[in-house]
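**Q** What would the 3D arrangement of this be:
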Amino acid sequence: MIYSSGMPILYLLCFITLVITYWTDKVLVSRYFRKENGFTSDLSRNVVNMLPWAIVVHIPIGYLMLSNPDLLSSNNISDRIDGYVPPEIESQYFAPTRTSQDHVILYIVGSVFVI
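**A** Next up, the predicted model:
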C-alpha cells in the first residue's frame, strides 16, 4: 500500500500477483499438503487490529511521494500570494515548493479528514 501514491500501476501488479499466489496456494494445500496449519482466529483478529496503523504509515509516505515537485506539479499557492520565504526556512521535505502545491494541499486536507 505504501507504493500506491507514487506508482498506482502497482495496484494492478499486486492484484495479479495475489490472484496467482491464491490459486497456487489453493492447489498446493488441497492436493499436496495434508498437514493442518496452526492458524487460529487470533491471527485474523491481529491483522484487522493492525489495519488502522497501515493508514497512519501510508499518509506520510503518500505526502512525500505526491509533494515531490520533480514527479508531479500543479499550481503553486505561493505564486498567488506575494511572500518571501527565507532560505533558512526551506527544508528538503517541508519546503514551500512542496507543501504549497494545490494537489498537496488537497492531500493534506483529505489526510486530516481521514485521521
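**Q** use CA for all of it now, contacts and neighbours both
**A** Will do.
**Q** Buried ones in the helix ranked longest in the chain, by neighbour count?
**A** Counting residues, the longest helix found in the chain (DSSP state H) is helix 41-66. Neighbour counts over helix 41-66 (16 or more other CA atoms under 10 Å) mark 58-59, 61-66 as buried.
**Q** Tabulate the residues you listed (CSV), appending pLDDT.
**A** Compiled in CSV, the buried residues of helix 41-66 are given as follows (pLDDT from 0 to 100):
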residue, pLDDT
His58, 87
Ile59, 85
Ile61, 83
Gly62, 84
Tyr63, 81
Leu64, 79
Met65, 80
Leu66, 79
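**Q** Make JSON lines out of those residues and add distance to Leu43.
**A** What follows is the buried residues of helix 41-66, written out as JSON lines (distance: CA to CA, whole Å):
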{"residue": "His58", "distance to Leu43": "22"}
{"residue": "Ile59", "distance to Leu43": "25"}
{"residue": "Ile61", "distance to Leu43": "27"}
{"residue": "Gly62", "distance to Leu43": "28"}
{"residue": "Tyr63", "distance to Leu43": "31"}
{"residue": "Leu64", "distance to Leu43": "32"}
{"residue": "Met65", "distance to Leu43": "32"}
{"residue": "Leu66", "distance to Leu43": "34"}
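**Q** Please identify which two of those are farthest apart in space.
**A** Taking every pair in the buried residues of helix 41-66 and measuring CA to CA, the maximum separation is 11.9 Å, between His58 and Leu66.
**Q** Tell me the spacing between Ser105 and Ile61.
**A** Just to correct that, residue 105 is Ile rather than Ser. Computed as CA to CA, to the nearest Å, the Ile105 to Ile61 distance reads 15 Å.
**Q** Revised request: answer the last question for Phe39.
**A** Counting by CA to CA, the gap from Phe39 to Ile61 is 32 Å.
**Q** Could you do Val47 as well?
**A** Distance from Val47 to Ile61, by CA to CA: 21 Å.
**Q** How is this protein divided into domains?
**A** 1-37, 40-115 (automatic domain parsing).
**Q** I am finished for the moment; much appreciated.
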